[in-house]
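Engineer: What follows is a protein structure lacking sequence information:
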């Protein structure tokens, strides 16, 4: 009897292989002509016929990710990486899929094993760094990405990832240098020009930022990220060719699934500029409906019940701080914890306060997260439950971690690290750290920046959040998140044994010197002329709720009441805010010590 032909990677030589090759080629052509649905159908058929076909796995995994199926993408990409861990696009897509489905531990473990197997492979280090960055392990991410950049100095994508991690760490000069290196490798990459422009703005080089932003638009007028990043820097008119280019891309099937909501948000901004708020509102609804639907399908939608349970656990933690407040005889700088919803004005206030010579600007660095992690590592339960379960020794060790991180952060900013100095922090969800800081240091100052709910919730509804703010994608989520936040602040004000300052954003715009002096006084610091309002100059016209004022520019009232323009076209949002009584719960600027 004749022997059956030998199978390679699950394929029988002969006509079957020819048919497979034709089908794979057709799938690739379908992708090039903007027909991902046809490409997926062809690749799914091939995958069903041979689940071990490496070429099919490499093509199908990223496509599933682009089309909103990250769970399946993770399984496909993990199988591809196990067969061949040298393929850079597979490793990048694997890191992204792992983070999107909340299975980043699985992806992280796989990537770490791959790095250990071949420490000289740049792409393995790069993929590991990207996933570490997505998990907010920024210092480790920078280390992995620097190693990757050293191993592969001509890879623009690695330098871009490194620049993003450096920027997030407030290492802006290094971030700009890394973006420039990426552009030297790939001069016509529009997104790199956009990212460099953002960093240059932060560094105060507005002219260079403007040049790179214009270059990005010239290179990719239909790119959603480029268009959205231009908000606040460009005003659109109805006949702007960028609007037509982006609408054409959105109307086709060529735009990746994950980029379509961003395109809608960019068009919302454009049509708002072009005096077409009704069309702008339609695009905003479409963007958020797609984002909310995708998260619901993946089981990651905003869970109000879970948020309530978290708030209750924080309330219990606060009672621990009330019963046993932090020691006052401390010789390290105090912390000024600035909390508030995104887009509420935290950064504006922080930059004004940090002009004081004895205040260091902490920004969104993760120093305080490291303190919480120190508690989690020593206590039998995780924070906030850990607070009530912690021993005296654990409290001592966590207090030492706070002293170490705050002292180091203050010194990095060039401020003398004495007990008379202060470190600001504007980390997202800072309000959750208030009980921990009160438990460790009774000198802590908690500042809540609160803005007219109609303005701040509209601004969040129109903001691009890939997946990490699911409450912002629905009216119900927006209202519940704001109500939960205010309830926490009110509890901190009533119960925490530290100074709590409630700052109204509109007061900050109307009388910035008074509000800044209020925060400084709460931190035990005298007024300093360096904190005075910026001199009058060219005003930044940012009446759109999608824009925000830059910290170094004069403040003005153009950001107040922007919701009124949108109210006739998004009535469901304004009505829900009114029904919840949120407007009356935002109080004038005040502070008190319990």
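Structural biologist: The structure has been received and is ready for your questions. Keep in mind it's a predicted model, so treat the numbers as computed, not measured. Numbering: from 1, shown residues only.
Engineer: From now on I want contacts and neighbour counts done on CA atoms only, so please keep to that.
Structural biologist: Fine.
Engineer: count of residues packed around residue 180?
Structural biologist: Neighbourhood size, residue 180 [other Cα atoms under 10 Å]: 20.
Engineer: So it belongs to a strand, correct?
Structural biologist: No. Counting by DSSP: H, G, I helix; E, B strand; the rest coil, residue 180 is not part of a strand but helix.
Engineer: Tell me who's in contact with it.
Structural biologist: Shown here is residue 180, whose contacts under the criterion Cα atoms under 8 Å, 6 or more residues apart in numbering are residue 196.
Engineer: Distance check, it against residue 588.
Structural biologist: 45 Å (Cα to Cα, to the nearest Å).
Engineer: try residue 144
Structural biologist: According to Cα to Cα, residue 144 stands 46 Å off from residue 588.
Engineer: okay, these two: which has more neighbours?
Structural biologist: Legend: neighbour count by other Cα under 10 Å for residue 144 and residue 588, higher for residue 144 (23 against 13).
Engineer: Help me confirm that that one comes into contact with residue 131.
Structural biologist: No. Contact criterion Cα atoms under 8 Å: residue 144 and residue 131 do not qualify, at 10.2 Å.
Engineer: mind checking pLDDT for residue 87?
Structural biologist: What the model reports as pLDDT for residue 87 is 83.
Engineer: quick one, what contacts it?
Structural biologist: Residue 87 neighbours (Cα under 8 Å, 6+ apart): 81, 123.
Engineer: quick one, phi/psi of it?
Structural biologist: The phi/psi pair for residue 87 (degrees, to the nearest 10) reads phi -90, psi 110.
Engineer: What mean pLDDT does stretch 469-485 get?
Structural biologist: 95.
Engineer: what do you get for stretch 392-400?
Structural biologist: What stretch 392-400 shows for mean pLDDT is 90.
Engineer: contact partners of that stretch?
Structural biologist: In contact with stretch 392-400 (Cα under 8 Å, 6+ apart) are residues 371, 372, 374, 375, 378, 379, 440, 441.
Engineer: Let's see that with 10 Å instead.
Structural biologist: The contact list for stretch 392-400 (Cα atoms under 10 Å, 6 or more residues apart in numbering) reads 326-327, 332, 370-379, 386-387, 390-391, 401-404, 406, 436-437, 439-441.
Engineer: can you tell me which of the residues you listed are in helices?
Structural biologist: Judged by DSSP state H, the subset of the contacts of stretch 392-400 located in helices is 370-378, 386-387, 401-404, 406, 436-437, 439-440.
Engineer: Name only those of those that count as buried.
Structural biologist: With neighbours counted by 16 or more other Cα atoms under 10 Å, these contain buried members at 370-376, 378, 386-387, 401-403, 406, 436-437, 439-440.
Engineer: For residue 527, which three-state class applies?
Structural biologist: Looking at residue 527 with three-state DSSP, the answer is coil.
Engineer: Tally up the residues packed near residue 63, please.
Structural biologist: By other Cα under 10 Å, the residues close to residue 63 number 23.
Engineer: how far away is it from residue 79?
Structural biologist: Distance of residue 63 to residue 79, given as Cα to Cα: 15 Å.
Engineer: now do residue 460
Structural biologist: Distance, residue 460 to residue 79, using Cα to Cα: 38 Å.
Engineer: Residue 292 and residue 115: what is the separation?
Structural biologist: Distance, residue 292 to residue 115, by Cα to Cα: 35 Å.
Engineer: With residue 381 instead?
Structural biologist: In this view, residue 381 and residue 115 are 31 Å apart by Cα to Cα.
Engineer: Give me the more crowded residue out of the two.
Structural biologist: Under the criterion of other Cα under 10 Å, the comparison of residue 381 against residue 115 puts residue 115 first, with 21 against 15.
Engineer: wait, the more buried one sits on residue 81?
Structural biologist: No. Judged on Cα atoms under 10 Å, residue 115 makes no contact with residue 81 at a distance of 11.9 Å.
Engineer: And the helices in the stretch 101-250 of the chain?
Structural biologist: 104-117, 122-134, 138-151, 156-168, 172-185, 190-202, 206-219, 224-229, 241-251 (DSSP state H, counting those that start in this stretch).
Engineer: Can you give me the buried ones in the shortest one?
Structural biologist: Spelled out, it's helix 224-229. Buried residues in helix 224-229, defined by neighbour count with 16+ other Cα under 10 Å: 224, 225, 226, 227, 228, 229.
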